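Enquirer: no sequence on hand, only this structure:
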């Protein structure tokens with residue numbers, strides 16, 4: 001079991017390097033790339049997430065924590081225990097911050113899908129196709145949300161929808177016939 005990575009630590013590493021991406025977008029990118037390619041290739045996320053960073057910068061700490069995050073992505077999405085969670089600020093953070101991070105996560109996810117080769121994949125079932133369209137819409141959503149119970153409930157439902165959708169999308173692209181491989185019964 002991979003050690004769980006801390007959201008604030010990832011943000012601190014990325015902000016310290018002026019990476020141009022934060023923790024939520026980084027996690028979203030890795031998830032999208034993993035769904036499309038069934039791998040989280042180090043050279044790909046390094047080139048995408050750490051692009052433009054000064055070559056003299058000390059990347060060791062950031063590289064280590066992002067490597068742990070990549071391992072966590074693979075482990076959680078593949079888990080039979082449905083442990084996959086979106087990498088977002090904790091529930092005590094203001095809803096505006098969480099909504100903004102969710103939009104960033106979705107933008108990263110869409111980028112990861114594209115770079116991972118989603119355009120070369122076979123046509124998806126309608127539910128997966130709709131899920132991708134919804135994630136694109138969420139990546140563009142207005143994040144000036146008022147703090148109230150309705151907004152909390154809506155955010156929770158969106159996060160749960162995405163969590164399940166990511167697993168479904170990975171399953172569809174990388175194990176498409178798993179349900180169809182039941183033994184044939186001969187009489």
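Expert: Great, that's in hand. From a predicted model like this one, the values you see are computed outputs, not experimental measurements.

Enquirer: list the buried ones in the worst-scoring helix or strand of the chain on mean pLDDT?
Expert: Using mean pLDDT, DSSP states H and E, the weakest-scoring helix or strand in the chain turns out to be helix 42-49, at a mean of 91. By neighbour count on 16 or more other C-beta atoms under 10 Å, the buried set for helix 42-49 is 44-46, 48-49. Using the backbone N, CA and C atoms, a C-beta is placed for each residue, glycine as well.

Enquirer: packing partners for the longest helix along the chain?
Expert: If you go by DSSP state H, the chain has its longest helix at helix 149-174. Other helices and strands packing on helix 149-174, by 3 or more C-beta pairs under 8 Å, 6 or more residues apart in numbering; DSSP states H and E, are helix 23-37, helix 60-78, helix 95-115, helix 126-139.

Enquirer: of the ones you listed, which stretch is the most buried?
Expert: Of these, the one with the most neighbours on average (mean count of other C-beta atoms under 10 Å) is helix 23-37, at a mean of 27.

Enquirer: that older thread, show the average pLDDT along the longest helix of the chain.
Expert: Mean per-residue pLDDT for helix 149-174: 93.

Enquirer: what is the orientation angle of it with helix 95-115?
Expert: 10 degrees (axes from the mean of the first three to the mean of the last three C-alpha atoms, to 10 degrees).

Enquirer: buried sites along helix 149-174?
Expert: 155, 158-159, 162-163, 165-174.

Enquirer: among those, which two are most distant?
Expert: Farthest pair in these (C-beta to C-beta) is 155 and 174. Separation: 28.6 Å.

Enquirer: turn the helices and strands packed on helix 149-174 into TSV, columns for mean pLDDT and distance to residue 84.
Expert: TSV is the format used below for the helices and strands packed on helix 149-174 (pLDDT from 0 to 100; distance: least, C-beta to C-beta, whole Å):
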stretch	mean pLDDT	distance to residue 84
helix 23-37	96	8
helix 60-78	94	4
helix 95-115	95	12
helix 126-139	94	14
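
Enquirer: how about TSV for those, with distance to residue 8 added?
Expert: Below are those laid out as TSV (distance: least, C-beta to C-beta, whole Å):
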stretch	distance to residue 8
helix 23-37	8
helix 60-78	11
helix 95-115	12
helix 126-139	23
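
Enquirer: out of those helices, which is closest to residue 54?
Expert: helix 60-78 (12.2 Å).

Enquirer: and the closest one, how far from the chain's centre?
Expert: Centroid displacement of helix 60-78 relative to its chain, using C-alpha atoms, centre = their mean, to the nearest Å, is 12 Å.

Enquirer: also stretch 153-173?
Expert: For stretch 153-173 - counting by C-alpha atoms, centre = their mean - the centre lies 10 Å from the chain centre.

Enquirer: give me the contact list for that stretch.
Expert: Stretch 153-173 is contacted from outside by 31, 34-36, 38, 77-78, 82, 84-86, 88, 95, 98-99, 102, 105-106, 109, 121, 124-125, 127-128, 131-132, 134-135, 138, 145, 178, using C-beta atoms under 8 Å, 6 or more residues apart in numbering.
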